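[1] Build the 3D model from these lines:
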Amino acid sequence: MRYRSLLVLVFALGVAVPVSADRRSDAKAQVEFGIAIAARGLWTGATLRFEKAVEMDPTYAAAWNNLGIGYEQQGKFSEARNAYEKAIALDPKNTMIKENYDKFREIYDRQNRRSGR
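    Residues are numbered from 1 along each chain as shown. Just a heads-up that it's a prediction; the model follows:
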C-alpha cells in the first residue's frame, strides 16, 4: 500500500510540473504579445494581454510589472500601484521592477501633492 501511495504521489508531481511550466510558457507568450502591441501605443490591448498573463500564472512577477506599466499608461494609477506591489512581493530582488515602481511612485506622489490629494 505504501509503495502504491508513493507511486501516485510521484505521478502527481510529474504531471503538476509540466502543467505549471505550460502556464508560465503561455503567460510569457501573452506578455510578449502585449509588449509588441504596447510598442505600437495600443495600451488597452497590451494591458488585456498582461491581465491574461497574470490570470494564467499569478506568480509571474514580470507580467505583474508589465501590467503595472499598462495601467499607468491608461491613467489607472491605483491599479498600477497594486500591480507593481504584487510584482515586488513576488520578486523583491528584481531591480528593474523596483526601478519601475520607484519611478511610478515618484511621479504619482508628485502629481498627488500638486492636486492636493
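[2] Could you look up the SS state of D102?
    Per DSSP: H, G, I helix; E, B strand; the rest coil, the local secondary structure of D102 is helix.
[3] need the contact list for it.
    Not one residue lies near D102 by C-beta atoms under 8 Å, 6 or more residues apart in numbering. C-beta here means a position set from N, CA and C on the backbone, and glycine is covered the same way.
[4] any idea of the pLDDT on it?
    What the model reports for D102 is a pLDDT of 96.
[5] ok, it to D57 distance?
    Distance, D102 to D57, by C-beta to C-beta, to the nearest Å: 25 Å.
[6] Tell me the spacing between R40 and M96.
    According to C-beta to C-beta, R40 and M96 sit 22 Å apart.
[7] Between the two, tell me which one has more neighbours.
    Taking neighbours as other C-beta atoms under 10 Å, R40 and M96 compare with M96 leading, 12 against 9.
[8] so that one is in which element?
    Following DSSP states H and E, the helix or strand that holds M96 is helix 95-115.
[9] buried sites along that helix?
    I97, K98, N100, Y101, F104 (16 or more other C-beta atoms under 10 Å).
[10] Just to check, the third one is in contact with Y84?
    Yes: using C-beta atoms under 8 Å, N100 makes contact with Y84 at a distance of 6.6 Å.
[11] what's around the spatially closest residue to R24 that is not a sequence neighbour, how many residues?
    Computed as C-beta to C-beta, 6 or more residues apart in numbering, the closest residue to R24 that is not its neighbour in sequence is D57, at 5.2 Å. When counting by other C-beta under 10 Å, one arrives at 22 neighbours for D57.
[12] Cool, thanks, signing off.
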